[in-house]
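> any chance you could fold what I've pasted below:
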Amino acid sequence: MKITRQTEYAVRTMSYLSERGWDGRVPTAVIAGSEDIPQPFLTKVISRLVTAGLVTTSRGIGGGVALARSPDEITLLQVIEAMEGPLLLSYCLLRSGTCKLEPGCAIHDAWADIQASLAHGLDAVTMAELVRRQDGNTRQ
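Sure thing, here's the model as predicted:
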C-alpha cells in the first residue's frame, strides 16, 4: 500500500489546520504556501475533505478553510479514507463472494486481520496527536 501524493497533501493540510486551532479560518493560499502544495491540487484536496465533513470553507473577507470539528475527533484513518475511499488491502475483502477461494481461504483471513489492525492503528492517531508529535519533534 502506498499513500498517494493527494492523501499526503490532505494529511499535511489537516495537520496545519489542527496546529492553528479548529475554530479559525485559514486562506487556501496561506496553506498552499506554508505546506508547499500547488494551489490547484490543494483546491481538489479541500473539496474532498469538505465532502467527507472534515473541513468547512467560506468565501470572502475572513473566509478560508477550517476544521469541521476538534482535532481530537479527527483521525488519520478518516483523512485517508476521505481521499482514497475505504481502506482495502485486497480485492477479496471488498465483499463476500468476490473470490471463489474465499470459503476457508487462509490468505483471505490473513488479509482481513492485517486490514483490521491497520485500520485500528490509523484510527488511533488523531490530528491532535500529530500536532503533539510535531511539537515534540521541533523542540528537540
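> tell me, how many residues neighbour A52?
16 (other CB atoms under 10 Å). Where you see a C-beta, it was placed from the backbone N, CA and C, and this is true even at glycine.
> pop out the phi and psi values for it.
A52 has phi and psi values of phi -80, psi -10 when expressed as degrees, to the nearest 10.
> I figured it hits E84, correct?
No. Using CB atoms under 8 Å, A52 is not in contact with E84; the gap is 11.0 Å.
> which parts of this structure are helices?
Applying DSSP state H to the chain gives helices spanning 5-19, 28-35, 39-51, 76-84, 106-123, 127-139.
> which residues touch stretch 29-49?
Stretch 29-49 has contacts (CB atoms under 8 Å, 6 or more residues apart in numbering) with 5-6, 9-10, 12-14, 16-17, 28, 55, 57, 64-65, 79, 82-83.
> which residues are in contact with the residue sitting nearest the centre point of the chain?
The residue lying closest to the centre of the chain (CA atoms, centre = their mean) is V79, at 1.7 Å. Each residue near V79 by CB under 8 Å, 6+ apart is listed here: T7, A10, V11, M14, L49, L54, M127.
> tell me how far T28 lies from A112.
Counting by CB to CB, to the nearest Å, the gap from T28 to A112 is 39 Å.
> comparing these two, which residue is more hemmed in?
Using other CB under 10 Å as the criterion, T28 and A112 rank with T28 on top: 18 against 15.
> separation between that one and K2?
26 Å.
> and for D113?
In terms of CB to CB, D113 sits 21 Å off from K2.
> please identify which of these two sits among more neighbours.
Neighbours were counted for D113 and for K2 using other CB under 10 Å; D113 has more, 10 against 5.
> okay, the more buried one: pLDDT?
We note a pLDDT of 86 for D113 in this prediction.
> what of D135?
pLDDT for D135: 74.
> next one: the one 3 residues further on
At T138, the pLDDT value in this model is 62.
> run through this structure and note the low-pLDDT ranges.
Residues of the chain meeting the criterion pLDDT under 70: 1, 22-23, 90-104, 136-140.
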